[in-house]
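Peer 1: Quick one, what's the 3D model for this:
(2 chains, ligands or ions: 1)
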Number of protein chains: 2
Amino acid sequence: MRILLIHADYLKYHVRDKTKFAEKIEEEMKKGSFDESLVVFTAVEKEDEKNPDGIIDEAVQEIKKIKKKVGAENIVIYPYAHLSSSLASPDAAVDILKSLESKLKSEGLKVSRVPFGWYKSFEISCKGHPLSELSRNIKVKTKKIKEESIES
Amino acid sequence: MRILLIHADYLKYHVRDKTKFAEKIEEEMKKGSFDESLVVFTAVEKEDEKNPDGIIDEAVQEIKKIKKKVGAENIVIYPYAHLSSSLASPDAAVDILKSLESKLKSEGLKVSRVPFGWYKSFEISCKGHPLSELSRNIKVKTKKIKEESIES
Ligand SMILES: [Mg+2]
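Peer 2: Coordinates of the predicted model:
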């Protein structure tokens, strides 16, 4: 999973045409407007299908850490295929994005998710401080690496 | 070179803090505002240092083609390291971005370039039509591939 995190004054979006992978959505998901948000542009990768729960856990930890650091009020998950050239299948991607949303919500955070597979117009304002644009390559840490990083 | 091309109603930016790789810039480059633009977020990659001229030629052709297709008025080159995990050295990146700018200008296009190595606040509005977000992995085509594609 590759994510690009933007600390934004605002994000607004509006769905336009469907792609052939458009998820079915309710009326209320067709547009959105969010202030003071950490926008998490997310590409779910083929590799992530092997261990979705592990990847989601890692992503939740990383997103929580960065949200706290920058002091954002909301989290917005925004599907973004352009961040990777090795994408998961659309079905797997939607499942993983939905689980990421619920997992973050279950931690008591304010989370919204922008629909997958739709062309969208959007406006964003990036704050510009040193932590307002970060990217991460999310991998499942093996036990060994975890222990090493605790020791160091 | 990896590029993400956004057909935008507008892009505005303002430099904030310098990174240690900040290019020296004149006052007028510290902020910018562009309407009806094709914004080319660009990551110059290590691989590109082997044949900068070849890469720049490929990028120019691709950008011209997409600009024409979407009908944008301006081109804005925006350095964007987050698109690749194999980046060129900062010096090489700035040289290549500057050459890309001049090469596009020499083709009679209206081109602006956003400074490299500065934290920046920015606002962008993506139009949302099917061609308003495209990404390309720019590689130098070998002669063999060129010939094959002419034959096919
Ligand atoms: Mg505005």
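Peer 1: what's the angle from the helix or strand A:Lys120 falls within to strand B:118-126?
Peer 2: Under DSSP states H and E, the secondary-structure element containing A:Lys120 is strand A:118-126. Counting by axes from the mean of the first three to the mean of the last three Cα atoms, to 10 degrees, strand A:118-126 lies at 140 degrees to strand B:118-126.
Peer 1: And the next helix or strand past strand A:118-126?
Peer 2: Toward the C-terminus from strand A:118-126 - assigned by DSSP H and E - lies strand A:133-137.
Peer 1: That following strand: partners in the sheet, and parallel or antiparallel?
Peer 2: Strand partners for strand A:133-137, identified by DSSP bridges, are recorded as strand A:2-18 (antiparallel).
Peer 1: Give the buried residues for the strand it pairs with.
Peer 2: A:2-8, A:11-13, A:15 (16 or more other Cβ atoms under 10 Å in any protein chain shown). Placement of C-beta: from N, CA and C, glycine included.
Peer 1: CA-only coordinates of that strand, as CSV, when you get a sec.
Peer 2: Presented in CSV, the C-alpha positions along strand A:2-18 are these (Å, rounded to 0.1, in the frame of the first residue of the first chain):
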residue,chain,number,x,y,z
ARG,A,2,1.3,3.4,-0.9
ILE,A,3,-0.1,6.5,0.8
LEU,A,4,0.4,10.2,0.3
LEU,A,5,-0.8,12.2,3.3
ILE,A,6,-1.7,15.8,2.9
HIS,A,7,-2.5,18.1,5.8
ALA,A,8,-5.2,20.2,4.2
ASP,A,9,-7.1,23.4,5.1
TYR,A,10,-9.9,21.8,3.1
LEU,A,11,-10.8,19.1,0.7
LYS,A,12,-13.9,19.2,-1.5
TYR,A,13,-14.9,16.6,-4.1
HIS,A,14,-17.8,15.8,-6.3
VAL,A,15,-18.2,12.5,-8.3
ARG,A,16,-18.5,12.8,-12.1
ASP,A,17,-18.6,9.9,-14.5
LYS,A,18,-18.3,6.3,-13.4
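Peer 1: what's downstream of that strand, the next helix or strand?
Peer 2: Under the assignment DSSP H and E, the closest C-terminal helix or strand after strand A:2-18 is strand A:31-43.
Peer 1: for that following strand, the distance to its chain's centre please.
Peer 2: The gap between where strand A:31-43 is centred and where its chain is centred comes out at 9 Å by Cα atoms, centre = their mean, to the nearest Å.
Peer 1: Any buried residues in the very next helix or strand once past that strand, and which?
Peer 2: Along the chain past strand A:31-43, the next helix or strand (assigned with DSSP H and E) turns out to be helix A:52-70. Neighbour-count burial for helix A:52-70, with 16+ other Cβ under 10 Å as criterion, is recorded at A:52, A:55-60, A:62-63, A:66-67, A:70.
Peer 1: how about the nearest residue to A:Val70, chain neighbours excluded?
Peer 2: In space, and not counting its chain neighbours, A:Val70 is closest to A:His7: 4.5 Å by Cβ to Cβ, 6 or more residues apart in numbering or on different chains.
Peer 1: Correct me if wrong: that neighbour contacts A:Cys126.
Peer 2: Yes - applying Cβ atoms under 8 Å, one finds A:His7 in contact with A:Cys126, separated by 7.1 Å.
Peer 1: anything in contact with each of the two?
Peer 2: Here A:His7 and A:Cys126 have A:132-133 as joint contacts, going by Cβ atoms under 8 Å, 6 or more residues apart in numbering or on different chains.
Peer 1: Now do stretch A:14-29: distance to the chain's middle.
Peer 2: Counting by Cα atoms, centre = their mean, stretch A:14-29 is centred 17 Å from the centre of its parent chain.
Peer 1: sorry, back to before: in JSON lines: the buried residues of helix A:52-70, plus pLDDT.
Peer 2: Converted to JSON lines, the buried residues of helix A:52-70 look like this (pLDDT from 0 to 100):
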{"residue": "A:Pro52", "pLDDT": "98"}
{"residue": "A:Ile55", "pLDDT": "98"}
{"residue": "A:Ile56", "pLDDT": "98"}
{"residue": "A:Asp57", "pLDDT": "98"}
{"residue": "A:Glu58", "pLDDT": "98"}
{"residue": "A:Ala59", "pLDDT": "98"}
{"residue": "A:Val60", "pLDDT": "98"}
{"residue": "A:Glu62", "pLDDT": "98"}
{"residue": "A:Ile63", "pLDDT": "98"}
{"residue": "A:Ile66", "pLDDT": "98"}
{"residue": "A:Lys67", "pLDDT": "98"}
{"residue": "A:Val70", "pLDDT": "98"}
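Peer 1: Can you name the residues of chain A that neighbour chain B?
Peer 2: For chain A, the residues in contact with chain B (Cβ under 8 Å from any Cβ of the partner chain) are A:4, A:14, A:16-17, A:82-83, A:85, A:119-130, A:132-135, A:137.
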